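Chemist: pasting the sequence and the predicted model now:
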Amino acid sequence: MFWTVTQSLLSGLWTTFVIFILTLIFALPLGLVLAFGSMSKFKPLRYLVQLLVWVIRGTPLMLQLIIIFYGPGLWLSHNIWSGNEAGRITATVVAFTINYACYFSVIFRGGIEGVPAGQSEAGQVLGMTKRQIFFKITLLQMIKRIVPPMSNEIITLVKDTSLARIIAAYELTFAGFSFMKSAGLTWPLFYTGVFYLAFVGILTILFNFIERKLDYFK
Amino acid sequence: MSILEVSHIEKHFGGTSVLKDVSFSMEEGSTLAIIGSSGSGKTTLLRCLNFLEKPNQGTIAVKGEMLYDAANAKSERESELRRKRLHFGMVFQSFNLFPQYTALENVMLAERLLAEEQPDFKQNKKEIYAAIEEHGKQLLDRMGLSERMDHYPHQLSGGQQQRVAIARALALKPDILCFDEPTSALDPELTGEVLKVIKNLAKQKTTMIIVTHEMAFARDVADHVIFMDGGVIVEQGDPHQVIDHPREERTKQFLSRYAQG
């Protein structure tokens, strides 16, 4: 039985990992775009982005996931997601990307605005171009500032992937839960927790490493 | 011929007028001190010279070359201003060293980036970088920081950081070195070492403009003093005249506040 459970959980873990990594790949750049949008001098764009961020951060991710997965089928009377596992995962990644890009954008914005204006002024008076100022001066200081809040957010993402269960994507929590439903077993649930802990543990080590790497300056 | 010619500079932020018809000139190798209370416009004037702010009116010329003319400032592209800024060096009140670079790297960074634009950079990269490093070390040595070259800014005292900032500003050999209250952010016991360095630069005939609150220092080191109030130059002249025997009522009031303090 232990082996069967392990196999199921590993397959669930794979889905969890896919949702996690694809969300990061899409949400990180989208978050940066939204961050620049929310700081834009063009007011309509700025307000639009701020409205989006407010709506997304102000409503539950589970609700957003349900709307994105079931909405198109009901409005367009055909389901754009196709009913299979791949369709469910795609819908999950879309919902998660939008949600996490909004959270990331706020962190990025804080990181960019947190670098004192004097830094880019010092670059300007030394004859540097805007590009040189961003890549040689501002960027690393911004990264250092955002590592702690980003690591929090990314660790939250690991656990949020369990919300995909609501649209029946076979991720880690779904896998663990299925043994309780079918065989009345509760220990697979605790076993599932161990998988999450290991996942988060690896990320924690990684982030600590990055933080230590950037510790040489203040 | 004067090295710097500033004529009829006006600057306003929104509805507030910060500089009103400011004109002055200075000679090569001289030191100019600008004094005045906070909000008198002296820092804004310095920022205009470095094009961190663009004057709404007036002209700035260095060595007879017109660098900035507000009348056709719209055509001033950032890329042109970038080159023109190099006539001026700037030392900030809060140092603004780059925290991720060592003292030496701070001094070398701009010179290295400019070297990349030279046509022969790719062939002679090693020699060029070696020369820049040599130059950077010399500058820090002159600032009395030969032992601190590989330290990061947060490992240095305020006085040491400001001396690195001076070396960094000197690295590009500006015609005129500007100081914006260089000792205001320092603990009193650290101001001496920075003032000493500036004094030495004056002795070596570095052309400098110093915005300062240190009256004794201004009198000591400057060849010429400008007193500003409310965005205008109220009085200017020989330091002993302006500081010890001011003619204008506003100058007297300002200086008496310092004498009491």
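Modeler: Right, received. Where do you want to start? Remember, it's a predicted structure, so these values are computed and weren't measured experimentally.

Chemist: mind listing what the residue minimising distance to the centre of chain A touches?
Modeler: By Cα atoms, centre = their mean, chain A has its centre lying nearest to A:Y100, at 4.4 Å. Each residue near A:Y100 by Cβ atoms under 8 Å, 6 or more residues apart in numbering or on different chains is listed here: A:T23, A:L24, A:A27, A:G31, A:E153, A:L157. In short, each C-beta sits where N, CA and C put it, glycine included.

Chemist: next, the buried residues of the helix or strand where B:A130 lies.
Modeler: Using DSSP states H and E, B:A130 maps to helix B:125-142. By neighbour count on 16 or more other Cβ atoms under 10 Å in any protein chain shown, the buried set for helix B:125-142 is B:I128, B:I132, B:E133, B:H135, B:G136, B:K137, B:L139, B:L140, B:R142.

Chemist: between these, which is closest to B:V242?
Modeler: The closest of the buried residues of helix B:125-142 to B:V242 turns out to be B:R142 (Cβ to Cβ; 30.2 Å).

Chemist: ok, that closest one to chain A distance?
Modeler: Note on B:R142: its distance to chain A, by Cβ to the nearest Cβ, to the nearest Å, is 18 Å.

Chemist: ok, for that residue, nearest residue in space, not its chain neighbours?
Modeler: Nearest residue to B:R142 in three dimensions, chain neighbours excluded: B:A167, at 7.3 Å (Cβ to Cβ, 6 or more residues apart in numbering or on different chains).

Chemist: name the residues of the helix ranked longest in chain A that are buried.
Modeler: Of all the segments of type helix in chain A, defined by DSSP state H, the longest one is helix A:2-38. Neighbour-count burial for helix A:2-38 flags A:5, A:8-9, A:12-13, A:15-16, A:18-20, A:22-23, A:26-28, A:30-32, A:34-35, A:37-38 (criterion: 16+ other Cβ under 10 Å).

Chemist: for it, what is the distance to the chain centroid?
Modeler: From the chain centre to the centre of helix A:2-38 is a distance of 7 Å (Cα atoms, centre = their mean, to the nearest Å).

Chemist: can you name the next helix or strand after that helix?
Modeler: Following helix A:2-38 in sequence, per DSSP H and E, is helix A:43-58.

Chemist: residue contacts, the residue of chain B positioned farthest from its centre?
Modeler: Here chain B reaches farthest from its C-alpha mean at B:Q123, the gap being 34.9 Å by Cα atoms, centre = their mean. Residues near B:Q123 by Cβ under 8 Å, 6+ apart: none.

Chemist: specify the local secondary structure of it.
Modeler: coil (DSSP: H, G, I helix; E, B strand; the rest coil).

Chemist: where does it land on pLDDT?
Modeler: B:Q123 is assigned 89 on the pLDDT scale.

Chemist: what does A:L139 give?
Modeler: pLDDT recorded at A:L139 is 91.

Chemist: low-confidence bits of chain B, can you list those?
Modeler: Under the criterion pLDDT under 70, the flagged ranges of chain B are B:74-75, B:259-261.

Chemist: residue nearest the centroid of it?
Modeler: Nearest to the mean C-alpha position of chain B, counting by Cα atoms, centre = their mean, stands B:C178 at 1.0 Å.

Chemist: please tell me I have it right and that residue contacts B:Q93.
Modeler: No. Using Cβ atoms under 8 Å, B:C178 is not in contact with B:Q93, being 11.5 Å away.

Chemist: just to revisit the earlier point, what's the following helix or strand after the helix holding B:A130?
Modeler: Heading C-terminal from helix B:125-142 (DSSP H and E), you reach helix B:158-170.

Chemist: any idea of the angle that following helix forms with helix B:125-142?
Modeler: 140 degrees (axes from the mean of the first three to the mean of the last three Cα atoms, to 10 degrees).

Chemist: run me through the strand neighbours of the following helix or strand past helix B:158-170, direction for each.
Modeler: With elements assigned by DSSP H and E, the helix or strand that comes after helix B:158-170 is strand B:176-180. Note on strand B:176-180: by DSSP bridges, its sheet partners are strand B:88-91 (parallel), strand B:208-211 (parallel).

Chemist: switch these over to a markdown table; also include mean neighbour count.
Modeler: Formatted as a markdown table, the strands paired with strand B:176-180 follow (neighbours: other Cβ atoms under 10 Å in any protein chain shown):
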| stretch | mean neighbour count |
| --- | --- |
| strand B:88-91 | 26 |
| strand B:208-211 | 26 |
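
Chemist: list, one by one, the residues from chain A near chain B.
Modeler: Applying Cβ under 8 Å from any Cβ of the partner chain, one finds that chain A approaches chain B through A:116, A:118-119, A:121-130, A:132, A:136-137, A:140-141, A:216-218.

Chemist: filter those residues down to the buried ones.
Modeler: Neighbour counting by 16+ other Cβ under 10 Å classes A:119, A:121-129, A:132, A:136-137, A:140-141, A:217 among the residues of chain A next to chain B as buried.

Chemist: which positions in the stretch 151-261 of chain B make contact with chain A?
Modeler: Contacts of the stretch 151-261 of chain B with chain A, taken as Cβ under 8 Å from any Cβ, map to B:Y152, B:P153, B:H154, B:R168, B:A169, B:L172.

Chemist: what about 10 Å?
Modeler: B:Y152, B:P153, B:H154, B:Q155, B:A165, B:R168, B:A169, B:A171, B:L172, B:P174, B:C178 (Cβ under 10 Å from any Cβ of the partner chain).

Chemist: in ChimeraX, select just the buried ones from the residues you listed.
Modeler: Remark: buried members of these, expressed as a ChimeraX selection using 16+ other Cβ under 10 Å:
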select /B:152,153,165,168,169,171,172,174,178
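
Chemist: tell me which of the residues of the stretch 151-261 of chain B next to chain A is nearest to B:L49?
Modeler: Among these, and counting by Cβ to Cβ, the member closest to B:L49 is B:C178, at 6.1 Å.

Chemist: pretty sure that closest one sits against B:T206.
Modeler: No. B:C178 is beyond contact range of B:T206, at 11.3 Å (criterion: Cβ atoms under 10 Å).

Chemist: overlap of the contact sets of the two?
Modeler: Counting by Cβ atoms under 10 Å, 6 or more residues apart in numbering or on different chains, the residues touching both B:C178 and B:T206 are B:G89.

Chemist: what residues sit buried inside the helix or strand hosting A:V194?
Modeler: Using DSSP H and E, A:V194 sits in helix A:187-213. If you call a residue buried by 16+ other Cβ under 10 Å, then helix A:187-213 has these buried ones: A:P188, A:Y191, A:T192, A:F195, A:Y196, A:F199, A:L203, A:F207.

Chemist: again, but for stretch B:56-71
Modeler: B:N56, B:Q57, B:G58, B:T59, B:I60, B:A61, B:V62, B:L67, B:Y68, B:D69, B:A70.

Chemist: stretch B:241-260 now?
Modeler: Neighbour counts using 16+ other Cβ under 10 Å place B:V242, B:I243, B:P246, B:R250, B:T251, B:F254, B:L255 of stretch B:241-260 among the buried residues.
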